Structures are given as C-alpha cells and as structure tokens.
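**Q** Pasting a predicted model and its sequence here:
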Amino acid sequence: MTSSSTPIAIIGAGPYGLSLAAHLAAADMPFRIFGRTMATWREHCPKGMTLKSDGFASNLSHPDPASTLAAYCAARRIPYDDRFLPVTLPVFDAYATWFQKTYVPMVEDTLVTHLAEDPHGFALTLASGERLTAGRVVLGAGLTHFRRYPDEVTPGPLVTHSFDHHDLAPLAGREVLVLGAGASAVDTAVLAAEAGAAVTLLARRAAIAYHDMPDPDAVSWLSAIANPSSGIGPGWRSFFCTRAPRLFRRLPEELRLHATRTHLGPAPGWFMRGKLEGKVKTLLGHRLVRAEQDGDAVTVRAQDAAGRAVTLRTDRVICATGYQPDLRRLLFLDADLRARIAHVEHTPRLSDRFETSVPGLYVMGALAANVFGPLMRFMVGAEYVAPRLCGHLARMARKTSAAA
C-alpha cells in the first residue's frame, strides 16, 4: 500500500471528468484522474444505439480546435453533420477513445472507494489499495450511481434497469416488458426486438413524444430568432439554459427546481420515430400497479386511463425509467463528509465555481443540475464547465503558491 499526494483529484472519467482533465493538462496543471474511461457509454448503452444529441453537441472539451467530433470525423472521412446526421455509438466511442489517448493519457483505471476530509484537504482510498491526499477534489460522478426504479417494482434477476443491458442478444426468444416512454425505453425496446425478443412497451404517457426531425429547408434567420438552436434542443428556454447557467443559478429555488424537473422530459430522437411499429407491442396510457417476480417469470399488473386492469406475465422487466442524482448513493463518500455538504433534494448547493459548502470539494454533471439547470444533464454541459472550472482551479493554485 502506497501513500502520495496531488493538488487536484478528479473522480470520474466520463465526459465531464475527461474534459476537465484535458483543460488542466493543457494548462500544465498537476492533477490525477480516476475512473473507468467512458464506462457508461462503453458498457451500459445498448449496442446499436444512436446518440440523441446533435453532432455539434457531442464533443468532449479541449482548447484544441482539432479535438471536436467534427474535426475527428473530417480527418477520417467519416460522414458527419452538425444537425442532420445522427451520431452512432460506434463512431462516438471511437472518437472518445481517440480523445482520451490524445489529450488525457494519464487516466488511472481504478475506482475511488473512500473519500473523506483530511487536515491537508481530502483523503482518498483507491480500489488498487493506494491512499493519497488531495488539496481539492472534483466529483464527476456519472449515471452509474443513480439508476431510478419505479416504486412499484423490486429490482432482482428478472427486474432490471436499462443501464444493465449493453448487449441485448441474450434476450432473444424471451418475452420482455420495457417500462418507460423516453429515449432509453424506445432504444431498448427496438433493439431488444431486433435481437429476437418479443417486446411490449408500457408507459403512463398516452403517446410517445419524439423530437422533431430537423428540416434543412426550414433554416432561416426568422426561424433562428423564433426557435433558436442550442446544444440541448431548440427554443428560447433551452437557449437560456445553455447560455446562462450562472444566471439560472440565481433564479428562485422553487422555480429553478421546477424548471430542472420539467424542461426537456423523456423524448426519443427523431430518427427512432416509427421504428416501434411492427416490432414492439405498446401499452400506452397505462399506469404500473405492481410487478412481482414469480418463479421464473414476472407478473405485471397495470391500469389504463379508465381504471381497467391489465395483467401480464413476462420473462423479464426492464425499467427504462431514468436516473435520480442523489448524494446518498455515492457510497464512497465518507458519512461525515456527506453530512457537511449543504444540499437541496439531496443534490449539493454550489457556488458560481461549482464548489460545495465543503471548501475544496467541487461537483460537475448531473449532480449539479438542480443548481445550474438542465444543461448539466447533457454531455454538452462539459463544454461549459471544463474551461471555467479549470480557470478557477488555476487561479486558486496561483494564490496558494503566492501564499507559500
């Protein structure tokens, strides 16, 4: 077991962690970054998936103009368009691999198993057995920790989350019920059906709200003013969320939380429209009452809008019901440290510089959404956070050096 120290430790090697690390490296700032590189994308997104985000909103962030997905594709003659050509998972995975090897080769493929306060800042224990101290810590915890299940189900071998299904081939020949009406639900249902499963999709919504297909002929100065584009979708509300996260932070708390909960609800990409037809049975407008594992099957009870009961028996239930960021689910956080983090709805309150109420502890990504808005739920948010947090950490380092 070894012991060492670092001025900055980044926990998480997803889009936010890699982007911040890339900016710190470009600024010649010393740091260490821990985590399995892009693990959610590589190990938990279903094979064959297409990203919902537009090409221009699917970048990892670095000061180098050649670091973008567009530049990567152009250099390799891979078909690409900012808005009108969906990005496939294999193309994005290859891009992310290249980005990491080019700009963040120092990623350490190990997990942090414990984080606590220390007289010198913070004490970290790694799965490798190493212990180290860090002056400042940045949490870039991804969705791994935050799977959300409906209250009506009990997770188990036959009741799982869409997060657990990277490879849907093992479901061939099985009857599968998918819960949800968002992108993850539709992707999982379609790809499971293509893999040979008999799939039913059950959702409370009476209809699936797909994104609108972009229309090149509709692009004009008038439409740009009436419905401006942004990295998280068209419209003035989305434009505000992407361009003014610090102003969003200053909204009244009740309004801010409501906007984060309700803006940009579950919606599959436009390119998935029509793919359910003929492949997947749908039970829309149905409320789940209970799903109970019964031997080698699951009994599912639901009600339609008129209160009529529906009972199904299926081999598997997949809950494509999203994620709920919650500090309590970060089990590597020391209990005393977690208790010192001021929070709202179990997500941290943050300063303009993404700092928690514990000095030197910062948070990026989904856990920051209740403060900085829906932008933090999307990969494109890393392009906002990384350069700003890097600049702040550099200024803090200069102050520390001057004081010494």
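**A** On my side now, so go ahead.

**Q** Just give me the neighbour total for the closest residue to Gly285 other than its chain neighbours.
**A** Closest residue to Gly285 apart from its sequence neighbours, by CB to CB, 6 or more residues apart in numbering: Ala206 at 4.2 Å. Bear in mind the C-beta positions are built from the backbone N, C-alpha and C, glycine included. Using other CB atoms under 10 Å, Ala206 has 11 neighbouring residues.

**Q** can you tell me which residues contact Ala206?
**A** By CB atoms under 8 Å, 6 or more residues apart in numbering, the residues touching Ala206 are Leu284, Gly285, Ala305.

**Q** Weed out the non-buried ones from those.
**A** Among the contacts of Ala206, those classed as buried by 16 or more other CB atoms under 10 Å are Gly285.

**Q** hang on, isn't Val380 packed against Ile232?
**A** Yes. Counting by CB atoms under 8 Å, Ile232 is a contact partner of Val380 at 6.6 Å.

**Q** what do those two both touch?
**A** Contacts common to Val380 and Ile232, judged by CB under 8 Å, 6+ apart, are Ala57, Thr242.

**Q** With neighbour numbers in mind, choose between these two.
**A** More neighbours surround Ile232 than the other of Val380 and Ile232, with 25 against 21 (other CB under 10 Å).

**Q** Provide the secondary structure category for that one.
**A** Counting by DSSP: H, G, I helix; E, B strand; the rest coil, the backbone at Ile232 sits in coil.

**Q** Correct me if wrong: it contacts Asp54.
**A** No. The criterion here is CB under 8 Å, and Ile232 misses it with Asp54 at 9.5 Å.

**Q** list the residues that contact both of those two?
**A** With contacts taken as CB under 8 Å, 6+ apart, Ile232 and Asp54 have no neighbour in common.

**Q** tell me the mean pLDDT over stretch 366-386?
**A** The predicted model gives stretch 366-386 an average pLDDT of 95.

**Q** got a list of what the residue nearest to Leu375 when sequence neighbours are not counted touches?
**A** Nearest-residue entry for Leu375: Gly381, 4.4 Å, with adjacent residues in sequence omitted and distances by CB to CB, 6+ apart. Applying CB under 8 Å, 6+ apart to Gly381 gives the contacts Tyr16, Gly231, Gly365, Phe372, Leu375.

**Q** With just CA atoms, put stretch 289-302 into CSV.
**A** The C-alpha trace of stretch 289-302 is given here as CSV (Å, rounded to 0.1, in the frame of the first residue of the first chain):
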residue,chain,number,x,y,z
VAL,A,289,-49.6,-1.0,-10.3
ARG,A,290,-47.2,-3.8,-9.4
ALA,A,291,-44.5,-6.1,-10.8
GLU,A,292,-43.8,-9.2,-8.8
GLN,A,293,-41.3,-11.9,-9.6
ASP,A,294,-43.0,-15.3,-9.5
GLY,A,295,-40.6,-18.2,-10.1
ASP,A,296,-39.0,-17.8,-13.5
ALA,A,297,-41.4,-15.1,-14.7
VAL,A,298,-42.8,-11.7,-13.6
THR,A,299,-46.4,-10.9,-13.1
VAL,A,300,-47.2,-7.3,-14.0
ARG,A,301,-50.4,-5.5,-13.1
ALA,A,302,-51.4,-2.2,-14.7
